[in-house]
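> the sequence and its predicted three-dimensional model are supplied below.
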Amino acid sequence: MAAMTIDLQPGFADKVLSAQSTFRAVMEAMARPGQVMAVDAEVGRPPSMMAGVAAIALTLLDQDTPLWLDPAFMAAPDVSAWLKFHTGAPVVAQPEHAHFALIAAPAMLRDLTSFALGTLEYPDRSTTLILQVPSLARGRTYHLRGPGIDGSTSLSATIEPADLLTRLSINESLFPRGIDVILVDDHSLVAIPRTTRMSAGV
């Protein structure tokens with residue numbers, strides 16, 4: 001029987017400029033939590049992966065950044081093959097060993113304590129979660145406060161899992177350790193760093 005071949009999609013159309021613009025978008029999002037940032041890069045990707053997730057992966061991942069894929073992404077063989085070809089990032093079996101986690105089905109997100117939370121000596125050695133969500137333009141209103149926010153800011157979004165706010169409350173007791181989250185809706189992204197506190201609007 002002939003071996004199955006996978007038709008890999010291309011990566012960035014312009015590798016240097018696209019990586020630079022995506023990196024700026026991610027850094028700006030982390031500096032301004034709750035603000036929706038556009039990922040303008042033209043990028044090829046597996047069908048199950050949003051453009052913003054693909055752009056972030058191509059920008060932040062390399063052979064030294066262990067990666068965990070949720071079961072939905074792992075079930076699509078073109079995803080791991082595409083990531084290996086374009087980034088070289090090693091895919092790990094256990095989430096606590098990952099620097100980044102790509103989540104295609106956030107409604108099924110594992111308990112956050114299963115990911116790396118960092119240490120007091122090296123709080124940056126935690127897992128950054130990148131979640132594909134239904135919408136960053138409409139849905140429930142959330143209020144955010146913390147560093148990078150003047151007073152408070154609001155975000156209207158449809159976020160999964162539904163109890164994400166409750167789960168992220170562990171960051172309060174863990175600081176300076178904790179989990180950073182990037183939400184992605186197609187070409188848009190929002191960052192929720194570990195220092196940000198969210199509450200749901202009425």
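All right, it came through fine.
> count the neighbours of S173 for me.
8 (other Cβ atoms under 10 Å). Heads up, the C-betas are built off the backbone N, CA and C, glycines and all.
> that one and F115: what is the separation?
Distance of S173 to F115, computed by Cβ to Cβ, to the nearest Å: 16 Å.
> could you do A101 as well?
Counting by Cβ to Cβ, the gap from A101 to F115 is 6 Å.
> how about low-confidence regions in this structure?
1-6, 202 (pLDDT under 70).
> could you point out the helix or strand that follows the top strand by length along the chain?
Across the chain, the longest stretch assigned as strand under DSSP state E is strand 135-145. Per DSSP states H and E, the first helix or strand lying C-terminal to strand 135-145 is strand 153-158.
> strands of this structure, start to end?
37-38, 67-69, 100-103, 128-132, 135-145, 153-158, 180-185, 188-192, 197-200.
> by contact count, what packs against the longest one?
Contacts of strand 135-145 with other secondary structure elements, assessed using 3 or more Cβ pairs under 8 Å, 6 or more residues apart in numbering; DSSP states H and E, are made with strand 153-158, strand 180-185, strand 188-192, strand 197-200.
> leaving out the residues flanking it, which one is nearest to the spatially most central residue of the chain?
With distances taken as Cα atoms, centre = their mean, I130 lies nearest the centre of the chain, 1.3 Å away. Of all residues not flanking I130 in the chain, I182 sits nearest, at 4.8 Å (Cβ to Cβ, 6 or more residues apart in numbering).
> need the contact list for that neighbour.
Neighbour list for I182: V26, A29, I56, T128, L129, I130, L131, L189, V190, A191, I192 [criterion: Cβ atoms under 8 Å, 6 or more residues apart in numbering].
> next one: I56
I56 sits next to T22, V26, V39, I130, I182, V184, L189 when contact means Cβ under 8 Å, 6+ apart.
> hmm, back to that, can you redo the strands of the chain as TSV with distance to L61?
Output for the strands of the chain, formatted as TSV (distance: least, Cβ to Cβ, whole Å):
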stretch	distance to L61
strand 37-38	19
strand 67-69	6
strand 100-103	6
strand 128-132	10
strand 135-145	22
strand 153-158	25
strand 180-185	13
strand 188-192	15
strand 197-200	26
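> out of those strands, nearest to H86?
Each of these has some distance to H86 by Cβ to Cβ; the shortest is strand 67-69, at 12.0 Å.
> tell me what that closest one is packed against?
helix 77-87, strand 100-103.
> just these: most buried one?
Using mean count of other Cβ atoms under 10 Å, the stretch among the helices and strands packed on strand 67-69 with the largest mean neighbour count is strand 100-103, at a mean of 24.
> can you list the neighbours in contact with that strand?
Contact partners of strand 100-103, identified using Cβ under 8 Å, 6+ apart, comprise 49, 53, 57, 60-61, 65-70, 72-73, 89, 95, 109, 115, 127-132.
> next one: stretch 30-42
12-14, 18-19, 21-22, 25-26, 28-29, 51-52, 55-56, 136-137, 142, 144, 146-149, 153-155, 180, 187-193, 195-196.
> the same query, at a cut-off of 6 Å, please.
13, 18, 21-22, 25, 28-29, 52, 55, 136, 144, 148-149, 153, 155, 187-193, 196 (Cβ atoms under 6 Å, 6 or more residues apart in numbering).
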